[in-house]
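Visitor: heads up, no residue letters with this:
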């Protein structure tokens with residue numbers, strides 16, 4: 001497993017793959033993960049965060065690369081998830097970035113992934129899997145939201161507009177979970193009551209807290225705003241085409257079940273973006289919504305635009321990886337003080353030299369070329385435990401263990417027998 005130098009210890013694991021949980025760091029570092037996917041000779045490598053992170057709780061009404069979760073979604077990543085079920089692949093990617101995940105119940109979770117290599121960032125990898133299901137992706141209030149475009153946009157509108165109305169209120173963050181085969185009503189109760197109090201209180205059974213029957217997979221959300229969690233559960237029974245929640249009956253004025261007509265999808269709303277590359281966000285928004293209004297705000301951009309334009313702005317921020325230079329460092333990426341700082345990793349893994357070198361070359365945005373005279377030695381199984389090394393140093397370390405040399409070129413790294 002690759003760990004960033006300043007990361008806090010991990011306290012979680014997933015079957016066949018250990019995941020980094022970086023719970024906050026003072027200066028954004030390369031975030032890495034290298035492992036073997038069960039039943040496949042492939043792995044995922046996560047790296048790079050390019051903005052000074054903080055521990056602030058970011059609301060639905062803003063998106064900043066100072067948010068550690070957003071930074072991890074924007075981290076360069078190349079990997080192969082072919083052969084995994086759609087749900088498993090999405091959970092694996094989201095868990096690797098330590099972000100919460102919510103997928104529309106209309107999306108078939110059992111489809112086997114056949115997308116080929118995914119990347120170049122964690123968010124882009126999730127987006128590729130979603131696109132194969134004719135779905136879109138948005139990141140709001142610490143949650144990656146996946147589903148049909150209209151559904152994702154409707155959820156975004158409600159979450160962001162609600163955050164704009166309560167901007168001066170402190171979000172009530174909580175860890176929320178429910179077990180496998182829970183009903184939607186039980187899931188809703190988990191968002192309303194704390195785990196400590198839930199066993200002591202029986203949730204009301206009126207029409208406002210009773211949802212249609214279904215059986216859901218287990219879920220675990222970390223430090224999510226309770227109002228966001230409740231809205232996400234309720235939106236699983238919302239249809240843009242119908243213009244209202246499918247659970248709605250006669251109570252059309254309920255705040256939790258308010259009709260959501262198609263006309264609302266054409267309303268523009270405000271969201272603030274903070275990134276080292278604000279020009280790309282501005283271009284993406286104006287290309288999608290020429291009537292959008294954009295102005296500087298608190299070191300970022302305040303964007304007043306359609307939901308589609310906000311979704312594209314998120315993609316512009318999170319789906320494009322920074323360049324990696326010939327020394328294996330993120331090119332022109334400032335640290336908190338504004339100076340370039342070469343990212344360093346710690347790596348602990350047992351795998352073939354070929355697999356490790358291939359994954360690290362992908363992280364460096366270069367093709368791994370193993371010459372014929374080095375092919376057999378690169379099949380050697382190696383065990384590496386390296387601490388505080390740059391990407392280039394890691395590649396050289398593994399090359400030496402395999403008995404080969406590494407030559408960095410503009411678009412590839414060539415490995416030859418010594």
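Guide: That came through, no problem. Fair warning: this is a prediction, and the values are worked out from it, not measured in the lab. Residues are numbered from 1 along each chain as shown.
Visitor: burial of residue 390, as a residue count?
Guide: For residue 390, the count of nearby residues is 16 (other Cβ atoms under 10 Å). C-beta coordinates here come from the backbone N, C-alpha and C atoms, glycine included.
Visitor: look up how far residue 137 lies from residue 266.
Guide: Going from residue 266 to residue 137 by Cβ to Cβ, to the nearest Å gives 21 Å.
Visitor: no wait, residue 360
Guide: Residue 360 is 27 Å from residue 137, where distance means Cβ to Cβ.
Visitor: check residue 128 too.
Guide: Using Cβ to Cβ, we find residue 128 at a distance of 10 Å from residue 137.
Visitor: neighbour count for these two, which is higher?
Guide: residue 137 (26 against 20).
Visitor: report the contact partners of that one.
Guide: 123, 126-127, 130, 144-146, 152, 311, 314-315 (Cβ atoms under 8 Å, 6 or more residues apart in numbering).
Visitor: select from the residues you listed the one having the most neighbours.
Guide: Highest neighbour count within the contacts of residue 137: residue 123, with 28 neighbours (other Cβ under 10 Å).
Visitor: contacts only, for the closest residue to that residue other than its chain neighbours.
Guide: Leaving aside its chain neighbours, residue 123 sits nearest to residue 318 (3.7 Å; criterion: Cβ to Cβ, 6 or more residues apart in numbering). Applying Cβ under 8 Å, 6+ apart, we find residue 318 in contact with 70, 73-74, 121, 123-124, 139.
Visitor: got the domain ranges for this protein?
Guide: Following automatic domain parsing, the chain resolves into domains at 51-318, 351-417.
Visitor: didn't residue 216 look like it was pressed against residue 178?
Guide: Yes - Residue 216 lies in contact with residue 178 (Cβ atoms under 8 Å); the separation is 7.4 Å.
Visitor: which neighbours do these two share?
Guide: What both residue 216 and residue 178 touch, as defined by Cβ under 8 Å, 6+ apart, is the set residue 187.
Visitor: the more surrounded of those two?
Guide: The residue with more neighbours, out of residue 216 and residue 178, is residue 178; 23 against 17, by other Cβ under 10 Å.
Visitor: now do the contacts for the more buried one.
Guide: Residue 178 sits next to 186-187, 190, 216, 218-219 when contact means Cβ under 8 Å, 6+ apart.
Visitor: for it, grab phi and psi.
Guide: Backbone torsions for residue 178, taken as degrees, to the nearest 10, come to phi -150, psi 150.
Visitor: and for residue 225?
Guide: According to degrees, to the nearest 10, residue 225 has phi -60, psi 130.
Visitor: with the one 10 residues further on instead?
Guide: The phi/psi pair for residue 235 (degrees, to the nearest 10) reads phi -70, psi -10.
Visitor: what residue ranges in the stretch 301-418 of the chain score low on pLDDT?
Guide: 321-348, 387-388 (pLDDT under 70).
Visitor: residues near residue 219, how many?
Guide: Counted with other Cβ under 10 Å, residues neighbouring residue 219 total 20.
Visitor: swap in residue 169?
Guide: 10.
Visitor: let me see the ranges of the strands in the stretch 301-418 of the chain.
Guide: Using DSSP state E, counting those that start in this stretch, the strands found in the stretch 301-418 of the chain span residues 345-352, 367-370, 381-389, 404-408, 412-417.
Visitor: which of the contacts of residue 318 sit farthest apart?
Guide: Maximum pairwise distance among the contacts of residue 318 (Cβ to Cβ): 13.6 Å, between 70 and 124.
Visitor: quick one: which of those two has more around it?
Guide: Higher neighbour count among residue 70 and residue 124: residue 70, with 27 against 21, using other Cβ under 10 Å.
Visitor: gap between that one and residue 318?
Guide: Distance from residue 70 to residue 318, by Cβ to Cβ: 7 Å.
Visitor: shared neighbours, the two?
Guide: When contacts are counted by Cβ under 8 Å, 6+ apart, residue 70 and residue 318 are jointly contacted by residue 139.
Visitor: go through the helix or strand containing residue 162 and flag the buried ones.
Guide: Following DSSP states H and E, one finds residue 162 within helix 149-165. Applying a neighbour-count criterion of 16 or more other Cβ atoms under 10 Å, one finds 149-164 buried in helix 149-165.
Visitor: which residues in the stretch 101-250 of the chain form helices?
Guide: Ranges of helices in the stretch 101-250 of the chain, per DSSP state H, counting those that start in this stretch, are 122-132, 149-165, 184-192, 195-198, 226-235.
Visitor: pull out the buried residues from the third one.
Guide: Of the residues in helix 184-192, those scored as buried under the neighbour-count criterion (16+ other Cβ under 10 Å) are 184-192.
Visitor: just the residues you listed: which has the poorest pLDDT?
Guide: On pLDDT alone, residue 192 ranks lowest of the buried residues of helix 184-192, at 87.
Visitor: residue 79 and residue 125 touch, don't they?
Guide: Yes - using Cβ under 8 Å, residue 79 makes contact with residue 125 at a distance of 6.5 Å.
Visitor: give me the more crowded residue out of these two.
Guide: Using other Cβ under 10 Å, the more surrounded residue of residue 79 and residue 125 is residue 125, with 29 against 26.
Visitor: quick one: the more buried one and residue 97, what's the gap?
Guide: 10 Å.
Visitor: swap in residue 108?
Guide: Distance of residue 108 to residue 97, given as Cβ to Cβ: 23 Å.
Visitor: who has more neighbours out of these two?
Guide: More neighbours surround residue 97 than the other of residue 108 and residue 97, with 29 against 9 (other Cβ under 10 Å).
Visitor: ok, back up a step: ok, which pair from the buried residues of helix 149-165 is furthest apart?
Guide: 149 and 164 (22.0 Å).
Visitor: contacting residues around the residue found closest to residue 229 once you drop the neighbours it is linked to in the chain?
Guide: Spatial nearest neighbour of residue 229, excluding adjacent residues (Cβ to Cβ, 6+ apart): residue 191 at 4.0 Å. The contact partners of residue 191, by Cβ under 8 Å, 6+ apart, come to 176, 226, 229-230, 232-233.
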